[in-house]
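> Based on what follows, work out the 3D shape:
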Amino acid sequence: MHLFFTSSSRRFTFTALALAAVFAAPLSHAAADQPAPTATPTPVVADGVEKSVVKIFATMRYPDVFRPWTKASPQEVSGTGVIIDGNRILTNAHMVLYSSQIQVQANLSGEKVSATVVAVSQGIDLAVLKVDDPTFFDGHPPLTRASKLPDNKDSVLVYGYPTGGNNLSITKGIVSRIEFAPYNNFTDGLRIQIDAAINPGNSGGPAVVNNQMIGLAFSRLGGADNIGYIIPDEEIDLFLKSVADGVTPVKPGMFDELQTNENPALRPFLKIDKSVHGIIVNDPFGKTADYPLKKWDVITKIGDNPVDDEGMISIGNNLRLEFQYLIQKMAKDGKVPLTVVRDGKEVNVQLPVPTDRPLLIPALGGKYPSYYIFGPMVFSKASAEFLEGIGNRSSTLTYLSFIGSPLITRRGDQPAFPGEELVVVSSPMFSHKLDIGYEKDAVSWVVKSVNGIAIKNLNQLAQVLNDSKDEYLKIEFAGTGLETFIFPRQEMKDSTDDILNDNDIRSQGSPDVLDALKKSGK
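Numbering: from 1, shown residues only. Here you go, the predicted structure:
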């Protein structure tokens with residue numbers, strides 16, 4: 001399955017693996033739109049909605065994970081936004097992440113106005129913009145948001161600026177289904193599926209039922225006909241409430257691995273009768289003895305709501321969702337109440353629901369990659385974006401699997417200790433006499449140790465390289481069959497400035513790494 005984000009001039013792809021396991025922003029950045037079918041505008045128009053829809057223009061400077069000291073070339077992208085209360089504009093996070101300039105343009109206007117990002121959540125793919133000129137909103141009122149979810153088969157209009165033309169486009173369809181599904185960075189949320197045409201450029205455009213916005217367009221299913229996805233108002237309201245409270249928009253979540261209670265062998269194995277229904281804990285997220293869930297627990301209720309054997313709950317008369325949907329409604333002081341059956345007995349527990357899942361290989365989350373250059377070598381932190389980049393070359397993934405690289409064997413792991421990172425060689429070695437005879441394209445090799453000192457993270461690596469008084473540096477890598485690099489330490493250190501100058505690199509490291517070195521007195 002592939003989900004394509006719908007901002008014009010770039011394409012975002014989520015693989016089925018990302019959805020199932022490490023949904024940590026594995027974004028692919030295409031320089032141009034894929035050809036899209038031209039949507040036929042419907043003659044049905046909701047009066048006044050057009051006044052609240054804007055076109056967004058952004059100049060993007062994406063990270064270059066293989067040259068982390070610089071940024072990718074600027075790309076011009078466009079999409080859609082909608083005016084909401086408080087003289088604000090709501091759009092998708094992927095429309096504005098890594099933007100160096102943003103402009104908005106009202107419908108039928110020839111004037112573009114500068115805008116800035118005031119809040120963004122990559123997890124739920126939402127962002128709020130503020131324009132520099134408050135008169136922009138004169139004659140452009142906020143669009144009313146619906147107070148409840150739409151029903152299946154409701155007629156829906158989608159407004160936006162997709163490729164194929166410059167003017168506002170309106171497409172018509174119906175609400176196909178509503179489900180609780182993965183978004184990004186291990187964030188789950190409600191998602192509305194519609195069959196109205198959504199194409200690149202529709203990102204951030206409102207979906208409207210009976211002249212009220214029911215949500216925001218954000219993606220479509222690649223390889224399928226007219227399957228588009230909407231972020232519903234319920235998710236938008238949670239995001240806006242966090243913004244209003246001055247809190248970074250995050251959502252509580254449950255990260256335990258579960259399995260259904262459908263196979264007939266499970267009930268006699270668990271010693272539960274037919275009256276017990278619920279979903280089984282296969283692998284608890286917490287590994288300490290006091291963690292409230294245990295392997296083989298059967299979660300039967302969340303609050304007072306019964307959970308069925310597929311982990312679903314009934315909402316109203318015609319909606320069935322994953323029970324985790326109620327976490328964002330019921331979480332209090334970072335916990336939710338669950339009822340489990342353990343060893344045949346009913347137990348009430350308070351489950352912690354963190355707002356972030358710690359990952360050994362995290363997503364950049366809108367930041368640029370950290371790096372450090374020493375001699376001809378460039379080191380960086382492993383990130384989801386780096387993995388995606390090397391994943392575009394299937395031969396590289398096969399090679400990493402063959403050598404047992406931690407990039408493969410520990411993908412999806414939590415850090416084993418606070419501050420643990422995988423430090424990778426992010427770039428081919430710069431041409432220099434010091435690297436004669438070594439594998440210059442050691443990109444993706446994970447640093448295991450330097451002079452026998454195990455490397456825990458990038459800051460520590462930089463300190464070890466600078467602190468060393470040994471005559472030689474011995475750099476070993478994790479995996480089988482990889483070379484060990486031996487360098488004369490002082491020559492490595494002395495060559496760094498010349499290598500930086502020869503390659504027009506401004507700084508030996510990213511600000512966070514250099515600040516850590518400075519604090520250590522090096």
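> quick one: pLDDT of S520?
S520 is assigned a pLDDT of 81 by the prediction.
> List the contacts of I280.
Residues near I280 by CB atoms under 8 Å, 6 or more residues apart in numbering: L258, Q259, T260, N261, L266, L270, W296, D297, V298, I299. C-beta here means a position set from N, CA and C on the backbone, and glycine is covered the same way.
> try 7 Å
L258, Q259, N261, L266, W296, V298 (CB atoms under 7 Å, 6 or more residues apart in numbering).
> So what pairs up with it in the strands?
I280 forms beta bridges with Q259, V298, as assigned by DSSP bridges.
> Can you tell me how far it is from A462?
Distance, I280 to A462, using CB to CB, to the nearest Å: 45 Å.
> cool, and G509?
Distance from G509 to A462, by CB to CB: 7 Å.
> Now do the shared contacts for those two.
Joint contacts of G509 and A462 (CB under 7 Å, 6+ apart) are Y372.
> Which secondary structure element of the chain has the lowest mean pLDDT?
Across the helices and strands of the chain, mean pLDDT, DSSP states H and E gives its lowest value to helix 16-20, namely a mean of 30.
> Helices of the stretch 351-500 of the chain, start to end?
Chain-ordered helices for the stretch 351-500 of the chain, with DSSP state H, counting those that start in this stretch as the definition, fall at 384-391, 394-403, 406-409, 458-467, 489-502.
> between those helices, which gets the lowest average pLDDT?
helix 394-403 (a mean of 88).
> Summarise which helices and strands that one is packed against.
Where contact means 3 or more CB pairs under 7 Å, 6 or more residues apart in numbering; DSSP states H and E, helix 394-403 is packed against helix 384-391, helix 406-409.
> what are the C-alpha coordinates of that helix, in PDB please?
Output in PDB follows, covering the C-alpha atoms of helix 394-403 (Å, rounded to 0.1, in the frame of the first residue of the first chain):
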ATOM      1  CA  SER A 394      17.600  -2.300  -2.900                       C
ATOM      2  CA  SER A 395      21.100  -3.700  -3.300                       C
ATOM      3  CA  THR A 396      22.200  -1.600  -0.300                       C
ATOM      4  CA  LEU A 397      19.500  -3.000   1.900                       C
ATOM      5  CA  THR A 398      20.500  -6.600   0.800                       C
ATOM      6  CA  TYR A 399      24.100  -5.800   1.600                       C
ATOM      7  CA  LEU A 400      23.300  -4.400   5.100                       C
ATOM      8  CA  SER A 401      21.200  -7.400   5.900                       C
ATOM      9  CA  PHE A 402      24.000  -9.700   4.800                       C
ATOM     10  CA  ILE A 403      26.600  -8.100   7.000                       C
END
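> What residues sit buried inside that helix?
T396, L397, Y399, L400, I403 (16 or more other CB atoms under 10 Å).
> Taking helix 384-391 as reference, get the angle to it.
100 degrees (axes from the mean of the first three to the mean of the last three CA atoms, to 10 degrees).
> can you give me how far helix 394-403 is from the chain middle?
Relative to its parent chain, helix 394-403 has a centroid offset of 24 Å by CA atoms, centre = their mean, to the nearest Å.
> now stretch 248-266
Worked out by CA atoms, centre = their mean, stretch 248-266 lies 20 Å from the chain centre.
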